[in-house]
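Novice: Sequence first, then the predicted structure:
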Amino acid sequence: MSVEADRTALEISEVFVEDSGEYCVIARNLLGEARTSCHVYVIASSLPQQPAGAATPAAAELSKNCSPGFTYVFDDLTASVGQPCMMRVTVTGNPLPKVCCAYYY
């Protein structure tokens, strides 16, 4: 998982069928929690690689404390065995939330 300011990315450098499942992102700060999730479907045949997410909108500068949220969430995706897989989100909140990812088979 990589974090750059308000952008978080979970990259699986080489996916396998066993990586199929639901992936959840949780953003937390002192004022609360926000969650988003997607399903990843890994298939054995070769598919053209999908783009690694659309351009993320710039987060507005926040002048007061606010609970976590997302301005960009990932969508369900399909990947081919052996190919990389990238899931990205953009979080909001002040203070900037801590982000963690979870995998549920």
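Specialist: Done, it's in.

Novice: what stretches of this structure score poorly on pLDDT?
Specialist: 45-63, 105 (pLDDT under 70).

Novice: any chance you could map the strands in it?
Specialist: Remark: strands assigned in the chain by DSSP state E are 2-4, 7-12, 21-29, 32-43, 66-72, 77-80, 85-94, 98-104.

Novice: Does V99 touch D6 like I think?
Specialist: No. Using Cβ atoms under 8 Å, V99 is not in contact with D6; the gap is 9.3 Å. The C-beta positions use only the backbone N, C-alpha and C, and glycine is treated the same way.

Novice: what touches both of the two?
Specialist: Listed as contacting both V99 and D6 by Cβ atoms under 8 Å, 6 or more residues apart in numbering are V91.

Novice: follow-up on the earlier one: take the strands of the chain and lay them out in TSV including mean neighbour count.
Specialist: Shown next, in TSV, are the strands of the chain (neighbours: other Cβ atoms under 10 Å):
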stretch	mean neighbour count
strand 2-4	10
strand 7-12	17
strand 21-29	18
strand 32-43	15
strand 66-72	17
strand 77-80	18
strand 85-94	21
strand 98-104	13
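
Novice: Touching, I12 and D19? I think so.
Specialist: Yes. At 5.8 Å, I12 counts as touching D19 under the criterion of Cβ under 8 Å.
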